[in-house]
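Asks: please find the sequence and the predicted model below.
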Amino acid sequence: QITTYSSPDIRTQILSSKSLQAGPGPRDTPIRGALLTDAELDHSLGLTMLREGAGLRVWAPPAVLHALDNDFPLRGIVSRYGSWTWNSEFGIQGLPVSVLPVSDKRPKYVQSDVDGPWVVAYRIGPLVYAPCLKTWPEGFDEFVADASCVILDGTFYSADEMSGSVGGGGQRAMGHIPIVDSLPRLHPGKQWIYTHLNNTNPVLDPNSPEHQAVVDGGASVPPDGTEIVL
């Protein structure tokens, strides 16, 4: 099993997923590695919960690996527990993976002067995973062309959703394309799923007009725990 989203609540996610349960030994895990889309803390801190998993492999863009070594020493922290390998070249036996740079948005904590890309999308077989899009990036239409399922950044519904809130400043500045901008770009013939929804997003209410607009646009917002069969 490969995880693509190592958020701080990864332990809860693992415990709620039958396929990720420990075993057969009391300290064995089916998780063999992680693909990091970026270096944001809420996307990578979950690796500390996997720290005692021996032999795990982590793949990420070079800038992300640099940040997690020099700006926030996550690599050094977990290396004290288990022997992991950290890779920027993507090669997983039996699992076809391709990568597309999608954003130059670097985390706020990063002070190193390192060139990106800072955010990538993954193509894993027929599945595309792109939870963080600053814009609809160049080459993305071609990247998803023959995919059967695309899991897409749905953090915010509109561009002014967090106006006046603490930490506001515009969703685009935060590195997330609003659904109202991405929804018209969806094309038929595949399953589109919005993910990474912020708690301000009205799409979370299945009775809202925004949720209906997503459905009418050919996408869905499945609840937590949904299993996708490809």
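Replies: Thanks, I have it.
Asks: low-confidence ranges, the chain, go.
Replies: Flagging of the chain using pLDDT under 70 yields the residue ranges 1-5, 163-173.
Asks: spatially central residue for it, please.
Replies: Centroid check for the chain by C-alpha atoms, centre = their mean gives Pro131 as the closest residue, at 4.4 Å.
Asks: without its sequence neighbours, what residue ends up closest to it?
Replies: Counting by C-beta to C-beta, 6 or more residues apart in numbering, His196 is the residue found nearest to Pro131 once chain neighbours are left out, at 4.4 Å. (Glycine included, C-beta is placed from N, CA and C.)
Asks: hang on, isn't the one you found packed against Gly154?
Replies: Yes. The pair His196 and Gly154 passes the contact test of C-beta atoms under 8 Å, sitting 6.2 Å apart.
Asks: higher neighbour count, these two?
Replies: For His196 against Gly154, the residue with the higher neighbour count under other C-beta atoms under 10 Å is Gly154, and the figures read 27 against 21.
Asks: quick check: phi and psi at the closest residue to that one other than its chain neighbours.
Replies: Excluding the flanking residues, the one nearest Gly154 by C-beta to C-beta, 6+ apart is Tyr194, at 2.8 Å. Summarising the backbone geometry of Tyr194 under the convention degrees, to the nearest 10, its torsions are phi -90, psi 140.
Asks: strands of this structure, start to end?
Replies: Taking DSSP state E to define them, one finds strands in the chain at 2-3, 33-35, 57-59, 85-87, 97-103, 119-124, 127-130, 149-153, 191-195, 219-220.
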